[in-house]
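# When you get a sec, could you give me coordinates for this:
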Amino acid sequence: MKFGKEFAAQMVPEWQEAYMDYAFLKTLLKEFHLFKQKNRPPPPAARSTSLGRSLSLYRAFSGLTATSSTNNKHLSDIENHVIQVNSVRTEGGDELSETMFLMSGDDGGEYELVYFRRLDEEFNKVVKFYKLKVDEVMKEAVVLNKQMEALIAFRIKVDNPKGWANTVEETSKLASDVEASTAALYATTPSLAIRASRRIHMDAIDEENMIHQSVKSSSSGDDDEINNGMEMKPVNNNNNNPEIQEYNMNDQTRSSSATTRPAPLEILQRVRFNTTQETPRSTIKGFLKLPNQTDLKFSKENFKKAEEQLKKAFVEFYQKLRLLKSYSFLNTMAFSKIMKKYDKISSRTASKSYMKMVDNSYLGSSEEVSKVMERVERTFIKHFSNANRSKGMNILRPQKRKESHRITFSAGFLVGCTVSLILGLILIIRARNILEADHDEGRVLYMDTMFPLYSLFGFIVLHMAMYGANIFFWRKYRVNYAFIFGFKEGTELGYREVLLISFSISVLALAGVLANLDMEMDPVTKDYKALTELVPLGLVMLAVVILLCPLKIVHRSSRKFLLVCLFHCLLAPLYKVTLPDFFLADQLTSQVQAFRSLQFYVCYYGWGDYKRRASNCKSSDVFNTFSFIIAAIPYSWRLLQCLRRLYDEKDAMQGYNGLKYFSTIVAVSTRTAYTLNKGIGWKIVAWIASVVAAVTSTYWDIVIDWGFFQRNSKNKWLRDKLLISNKSVYYGAIVLNVLLRLAWMQTVMNITIFSLHRQTMVALVASLEIIRRGVWNFFRLENEHLNNVGKYRAFKSVPLPFNYDEDGDKDE
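Numbers count the residues shown, from 1 in each chain. This is a model prediction of the structure:
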């Protein structure tokens, strides 16, 4: 793979504009290369070889020809005079790099001047962004350091709630535990890492001193604060290894003195729990303006909760450090590659001096990120993985999911099985003349009973297939969907896995359809075969069991993620709304007919005589009443989510979005009423409500969710930034969205195609809505991704467990 493609593939998608523009610099060099080719002088006439004699290989080795020492000296002189790199300080205090090209009088010099000017702009842009991000992570390191101090003190208090002054044995026990955990940590740490750690000075939280200080203060009854200027001493292990020493994350201390800042238990007096309204209990308290419990309660439950929060914060912080390190390495490599290209095209040797400047710059010489990474690793391994290095590093650096040929083969095999079953189904229908007039009664009975049961699986398979297609195109156009959804690294499903699951369901469902296609019944009892009639219910139960299975099978992490989001949708106003939550709720609004199929399952198998395929569901007032409720449930979840976001964010747009979903609830309810009751009055009301809902929803899809129709956009009727170069794709998506939005109005207009059964028309319209949702998904996440790119937002904010009393800090 060429470096340009590899460079683009390894970029952090949200930071792509902050990377060196390698492609543009390469274009400038191509223009310079074309100029040189056009203006290349003709080769000199070939000299006659009869009179002259070329230098032989033997003479070259014998020393009779000129040596390379003078050439090397000459080349060195040329290199020193090609460019001169200077540092310029701006009025704002920023230090910029400025390259002076000393060969501007040569042919094509103006091309080289433009190249070096743009090269300087790119380098200064990269260094400025890198400095900004390093400053951010160093400030965050200070915050995490204080959080660790509180967690360690909290742990000691939880382990010994009565204090440490009771017995000397308890004190010695904890001290030995600290020593043992440290010894285990460094026993699993490579020797190179231990030697490297000696070159890095870091403050540490001396837990051993913390314990003894607590003993003294408890035994003497002295309430004075423990002195913060204690010396850091090595942990005395049995092997007397002088290299082993307790370390923790430091803020910005870089002095060479071996001092430590202990974290006394008195630190807990200045710490409170962070309270966020992310649970039903805290939400209700916040809404009723009841005070949440912020005082520290020293229980193991609270400690585990704080430890888990801080563990997530460390993992996220480590990912930031990894991305920053990759950013520095990739850009340094890009500058090296582009300068080598310049040397090759221009026949000069300017890369050495320029890369010397790059290596000495903040981008190439700063080791802050590497040092902090080492500190995070040591802290995480000791405190969050029980001194098990391999376990800790697997959490900090999870392995990416490898593409398996077995999954590809299985998915393709199931696709073939699906096609074969569909063809077999068609042939059986034709062979038995099931569509002929002689079978009208059986056909109508099948469409009214069995078809709604199996259509549920068709809706699920189609939606999953659209989602698999979404993943394929998100990956193709580098939309960071895993970050947007908040998937744990290494657990996100690829399009092959999604298609494998969807076509597995389709094979099972089609096999059930073939089993139920036998219209013959017992002439005496008038019953169908009970076993085949229970096949749809069995498939639904199987799907539910797999979804809820706690065993580590069938992508457990993805199933758990789905269930958590679904639970948040069920209790929409009580949980803080995140993007995965409302994205899933949006998907469910396109599955209204699937919800109605589930309603029919309950009625058919609960109150109907499924052996005779007899059901009075459609004539039941209770069933019809629930038809209104079921149709409105998904839109009600989105309405409640909008209200919750309006309450949290105080954003008026969420209120308008809630009104949109309210209008959709009215439209769906009136259409359901018209379908059940008919009548001109219901038809007029359903028409008005449907038109209002269709217009508002279409406007919101195109303008708000997709970000199109921006004023003064360089792409007419679209937005400035587009991932797909072919603009007709976007125009086609807009037209398709409008047409498919109007498709479900056929329930009001009573449109029939080729005299299809009503259930067939309902399934067709529901399928079109699912396809519309699949198209909407791609452009919705594209817009979200571009917003993240514009704000360089590549990380999720993780709530921290503790909140320091700032007034107490100021007093000190």
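# helix or strand for the nearest residue to Thr696 once chain neighbours are set aside, which one?
Leaving aside its chain neighbours, Thr696 sits nearest to Lys660 (4.9 Å; criterion: Cβ to Cβ, 6 or more residues apart in numbering). (Each C-beta comes from the backbone N, C-alpha and C, glycine too.) Assessed by DSSP states H and E, Lys660 sits inside helix 652-677.
# Repeat that for Glu98.
Assessed by DSSP H and E, Glu98 sits inside strand 95-101.
# Sheet-wise, list the partners of that strand with their directions.
Here strand 95-101 has these sheet partners by DSSP bridges: strand 83-89 (antiparallel).
# returning to what we had before: residue contacts, the residue nearest to Thr696?
Residues in contact with Lys660 (Cβ atoms under 8 Å, 6 or more residues apart in numbering) are Ala693, Thr696, Ser697, Trp700.
# let's go with 10 Å and repeat that
Neighbour list for Lys660: Tyr635, Arg638, Leu639, Cys642, Val692, Ala693, Thr696, Ser697, Tyr699, Trp700, Asp701, Ile704 [criterion: Cβ atoms under 10 Å, 6 or more residues apart in numbering].
# List phi and psi for the third one.
For Leu639, the backbone dihedrals (degrees, to the nearest 10) come out as phi -60, psi -40.
# List the buried residues for the helix holding Lys660?
For helix 652-677, the neighbour count (16 or more other Cβ atoms under 10 Å) marks 654, 657-658, 660-675 as buried.
# which of the residues in the next helix or strand after that helix are buried?
Using DSSP H and E, the helix or strand that directly follows helix 652-677 along the chain is helix 680-699. Of the residues in helix 680-699, Trp682, Lys683, Val685, Ala686, Trp687, Ala689, Ser690, Ala693, Ala694, Thr696, Ser697, Thr698 count as buried by neighbour count, 16+ other Cβ under 10 Å.
# Now do the spatially most central residue of the chain, the pLDDT please.
A centroid search over the chain (Cα atoms, centre = their mean) returns Phe483, at 1.3 Å, as the residue closest to the centre. Residue-level confidence at Phe483 comes out at 91, pLDDT.
# Do a quick rundown of the strands in this structure.
83-89, 95-101, 271-273, 802-804 (DSSP state E).
# who's in contact with the second one?
In this case it means strand 95-101. Residues from elsewhere that reach strand 95-101 (Cβ under 10 Å, 6+ apart): 82-90, 109-110, 112-117, 119-121, 123-124, 127-128, 131, 350, 353-354, 357-358, 361-362.
# Check Leu462 and give its pLDDT.
If you check Leu462, the pLDDT there is 97.
# Give the full set of residues in contact with it.
Contacts for Leu462 (Cβ under 10 Å, 6+ apart) come out as Ser502, Ser506, Ala766, Ser767, Ile770, Ile771, Arg773, Gly774.
# let's see it at 8 Å
Ser767, Ile770, Ile771.
# Check Leu34 too.
Going by Cβ under 8 Å, 6+ apart, the list of residues near Leu34 is empty.
# for the stretch 351-500 of the chain, which spans come out with low pLDDT?
By pLDDT under 70, the weakly predicted segments of the stretch 351-500 of the chain are 434-440.
# Could you pull out the helices in it for me?
Assigned by DSSP state H, counting those that start in this stretch, the stretch 351-500 of the chain shows helices spanning 351-360, 362-365, 368-384, 389-396, 405-431, 440-476, 481-485, 495-516.
# Quick one: closest of the ones you listed to Phe303.
helix 368-384 (12.0 Å; Cβ to Cβ).
# Low-confidence ranges, the stretch 501-650 of the chain, go.
For the stretch 501-650 of the chain, the stretches flagged by pLDDT under 70 are 518-529.
# returning to what we had before: need the helices of the stretch 351-500 of the chain in JSON lines with distance to Leu548, can you?
As requested, the helices of the stretch 351-500 of the chain are arranged in JSON lines below (distance: least, Cβ to Cβ, whole Å):
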{"stretch": "helix 351-360", "distance to Leu548": "55"}
{"stretch": "helix 362-365", "distance to Leu548": "50"}
{"stretch": "helix 368-384", "distance to Leu548": "29"}
{"stretch": "helix 389-396", "distance to Leu548": "26"}
{"stretch": "helix 405-431", "distance to Leu548": "23"}
{"stretch": "helix 440-476", "distance to Leu548": "16"}
{"stretch": "helix 481-485", "distance to Leu548": "21"}
{"stretch": "helix 495-516", "distance to Leu548": "16"}
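# Mind checking those for the one nearest to Ser725?
Smallest distance to Ser725 across these (Cβ to Cβ): 12.3 Å, for helix 440-476.
# Tell me how far the closest one lies from the chain's centre.
The chain centroid and the centroid of helix 440-476 are separated by 28 Å under Cα atoms, centre = their mean, to the nearest Å.
# Kindly report the same for stretch 399-415.
Averaging C-alpha positions (Cα atoms, centre = their mean) puts stretch 399-415 22 Å from its chain's average.
# what comes up buried for that stretch?
Buried residues in stretch 399-415, counted by 16+ other Cβ under 10 Å: Ser410, Ala411, Leu414, Val415.
# relative to strand 83-89, how tilted is the longest helix anywhere in the chain?
Ranked by residue count, the top helix of the chain under DSSP state H comes out as helix 109-159. Following axes from the mean of the first three to the mean of the last three Cα atoms, to 10 degrees, one obtains 50 degrees for the angle between helix 109-159 and strand 83-89.
# Show me what helix 109-159 packs onto, helices and strands only.
Applying 3 or more Cβ pairs under 8 Å, 6 or more residues apart in numbering; DSSP states H and E, we find helix 109-159 packed against helix 22-38, strand 95-101, helix 207-220, helix 300-346, helix 362-365, helix 368-384, strand 802-804.
# what sits against the nearest residue to Leu445 once chain neighbours are set aside?
Take Leu445 and drop its neighbours on the chain: the residue closest to it by Cβ to Cβ, 6+ apart is Arg613, 5.5 Å away. By Cβ under 8 Å, 6+ apart, the residues touching Arg613 are Leu445, Tyr446, Thr449, Met450, Tyr528, Glu533.
# As CSV, those residues with neighbour count and distance to Arg389 would be great.
Supplementary listing: these in CSV, determined by neighbours: other Cβ atoms under 10 Å; distance: Cβ to Cβ, whole Å:
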residue, neighbour count, distance to Arg389
Leu445, 17, 67
Tyr446, 19, 63
Thr449, 23, 61
Met450, 22, 58
Tyr528, 21, 63
Glu533, 21, 58
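# Sketch out the low-pLDDT regions of the stretch 651-800 of the chain for me.
In the stretch 651-800 of the chain, residues with pLDDT under 70: 744-755.
# follow-up on the earlier one: got the strands of the chain as CSV, with distance to Leu425 columns?
CSV is the format used below for the strands of the chain (distance: least, Cβ to Cβ, whole Å):
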stretch, distance to Leu425
strand 83-89, 73
strand 95-101, 70
strand 271-273, 60
strand 802-804, 62
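# Which one, of those strands, ends up nearest to Pro13?
Nearest to Pro13 among the strands of the chain is strand 95-101; the distance by Cβ to Cβ comes to 26.9 Å.
# can you give me the angle that closest one makes with helix 351-360?
Using the same axes, to 10 degrees: strand 95-101 against helix 351-360 is 180 degrees.
# Let's test this: mean pLDDT of strand 95-101, rounded?
84.
# same thing with stretch 6-22?
91.
# Distance across that stretch, terminal residue to terminal residue?
11 Å (Cα to Cα, to the nearest Å).
# For that stretch, buried residues please.
Going by 16+ other Cβ under 10 Å, stretch 6-22 has these buried residues: Phe7, Met11, Val12, Glu14, Trp15, Ala18, Tyr19, Met20, Asp21, Tyr22.
# returning to that earlier point: any idea which of the strands of the chain gets closest to Ser619?
The nearest among these, by Cβ to Cβ, is strand 271-273 at 56.8 Å.
# And that closest one, what does it pack against?
Applying 3+ Cβ pairs under 8 Å, 6+ apart, one finds that strand 271-273 makes contact with strand 802-804.
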